[in-house]
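Novice: coords please:
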Amino acid sequence: MNIVVPIKFVPDLVEEMTIDESGAALDRTWLRLIINEFDDHAIEQAILLKERGGGQVMVVAPEVEGVDDVLYTAAAKGAGRLIKLTGDLGNANNHALARVFATAAKDLQPDLVLIGVQAHDDLDGAVGPLLAEYLGMPYLGYVSAVEVSDGKATVRKEYPGGLMAEMEVTLPAVLGIQAAEHPPRYVVTSKIYQAMEATTIEAQAVGELDPSGGLTVDRMFQPEAAERATMIEGDLTGIATKLVEIFKGLSVL
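Specialist: As a prediction, the model looks like this:
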């Protein structure tokens with residue numbers, strides 16, 4: 001079974017972020033990027049499936065600073081093939097990124113595509129559903145467990161309120177992973193060095209990006225401080241009367 005795991009990189013929210021001179025994007029000069037947390041879970045889930053039933057795990061990532069370390073770490077965990085997409089992908093929106101991933105995935109002939117269900121910089125939709133559309137495959141998101149048998153995947157999908165559903169999907173399919181069945185494993189540095197010596201990262205150049213369908217950012221700015229809060233005092237009847245007056249003034253009532 002071929003399992004493809006496309007991963008994206010997101011700004012590290014621990015770091016301070018600034019807006020560039022255009023006023024419509026983050027300044028990436030000193031911006032630290034890390035692997036999307038949910039994509040890390042997707043890698044772990046893929047490795048678990050490989051350990052249970054065999055197959056090959058292929059991790060696909062855009063070329064950004066630090067991508068080699070992430071790919072070699074995936075190899076140390078058990079990924080068998082590492083692919084780095086080279087090109088100007090630094091400011092690619094999710095529509096463009098999904099199209100690039102789709103092109104790479106088609107050549108890999110996946111039985112299953114596992115991808116993080118979301119990322120904290122998803123301005124134009126999550127990559128998973130877009131990727132499934134471009135690949136012509138079914139999609140299930142918010143998945144927390146996967147079993148594969150007889151050309152089908154049985155997945156556990158989480159709903160609000162702690163409800164769980166069990167669904168079956170015919171392969172090939174794209175699954176948006178919310179959490180792997182076990183937390184992403186830790187690998188010691190020595191195993192990563194071994195992976196560097198034993199594994200080769202394949203570089204694949206991407207063509208011109210197609211960002212159509214995504215959002216156009218006109219302005220980014222820090223939250224603006226303003227005195228817009230109105231404190232209403234009095235008994236319940238007085239407060240309710242004042243609220244009605246405010247709502248009528250705003251044409252809400």
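Novice: From here on, just use CA atoms for contacts and neighbour counts.
Specialist: Noted.
Novice: Pull the contacting residues for the nearest residue to residue 59 once chain neighbours are set aside.
Specialist: Distances taken as CA to CA, 6 or more residues apart in numbering place residue 5 nearest to residue 59, at 4.7 Å, with adjacent residues excluded. Under the criterion of CA atoms under 8 Å, 6 or more residues apart in numbering, the neighbours of residue 5 are 39, 42, 43, 46, 57, 58, 59, 60, 113, 114, 115.
Novice: Residue 166 too?
Specialist: Contacts of residue 166 (CA under 8 Å, 6+ apart): 154, 155, 156, 157.
Novice: do you know how far the second one is from residue 181?
Specialist: It stands for residue 155. Distance, residue 155 to residue 181, using CA to CA, to the nearest Å: 11 Å.
Novice: quick revisit: columns distance to residue 175 on top of the contacts of residue 166, output as a markdown table?
Specialist: Formatted as a markdown table, the contacts of residue 166 follow (distance: CA to CA, whole Å):
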| residue | distance to residue 175 |
| --- | --- |
| 154 | 11 |
| 155 | 9 |
| 156 | 11 |
| 157 | 10 |
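Novice: Can you pull the phi/psi pair for the residue lying closest to residue 196 once chain neighbours are set aside?
Specialist: Spatial nearest neighbour of residue 196, chain neighbours left out: residue 72 (6.0 Å); criterion: CA to CA, 6+ apart. Here is the backbone geometry of residue 72 (degrees, to the nearest 10): phi -70, psi -30.
Novice: What is the neighbour count of residue 72?
Specialist: Residue 72 has 25 neighbours, counted by other CA atoms under 10 Å.
Novice: I figured it was touching residue 194, is that so?
Specialist: No: assessed by CA atoms under 8 Å, residue 72 is found out of contact with residue 194, at 9.1 Å.
Novice: Count residues in the vicinity of residue 88, would you?
Specialist: Neighbour number of residue 88 under other CA under 10 Å is 15.
Novice: distance of it from residue 229?
Specialist: Following CA to CA, the distance that separates residue 88 from residue 229 is 45 Å.
Novice: all helices of this protein, in order?
Specialist: In the chain, the helices defined using DSSP state H lie at 37-53, 67-77, 94-108, 127-135, 189-198, 236-249.
Novice: any chance of those helices in a markdown table, plus distance to residue 207 and mean pLDDT?
Specialist: Shown next, in a markdown table, are the helices of the chain (distance: least, CA to CA, whole Å; pLDDT from 0 to 100):
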| stretch | distance to residue 207 | mean pLDDT |
| --- | --- | --- |
| helix 37-53 | 24 | 97 |
| helix 67-77 | 19 | 97 |
| helix 94-108 | 8 | 96 |
| helix 127-135 | 16 | 97 |
| helix 189-198 | 28 | 96 |
| helix 236-249 | 53 | 92 |
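Novice: can you tell which of these is closest to residue 172?
Specialist: Residue 172 sits nearest to helix 127-135 of all the helices of the chain, at 9.7 Å, using CA to CA.
Novice: list the contacts for the residue nearest to residue 122 when sequence neighbours are not counted?
Specialist: Take residue 122 and drop its neighbours on the chain: the residue closest to it by CA to CA, 6+ apart is residue 94, 7.1 Å away. The contact partners of residue 94, by CA under 8 Å, 6+ apart, come to 122, 123, 124, 125, 126, 127, 211, 214.
Novice: Just the closest of those to residue 1, please.
Specialist: Nearest to residue 1 among the contacts of residue 94, with distances taken as CA to CA, is residue 127, at 22.6 Å.
Novice: And for that closest one, the neighbour number?
Specialist: The tally of other residues near residue 127 (other CA under 10 Å) stands at 26.
Novice: Check the spacing between it and residue 250 real quick.
Specialist: From residue 127 over to residue 250 (counting by CA to CA), the distance is 39 Å.
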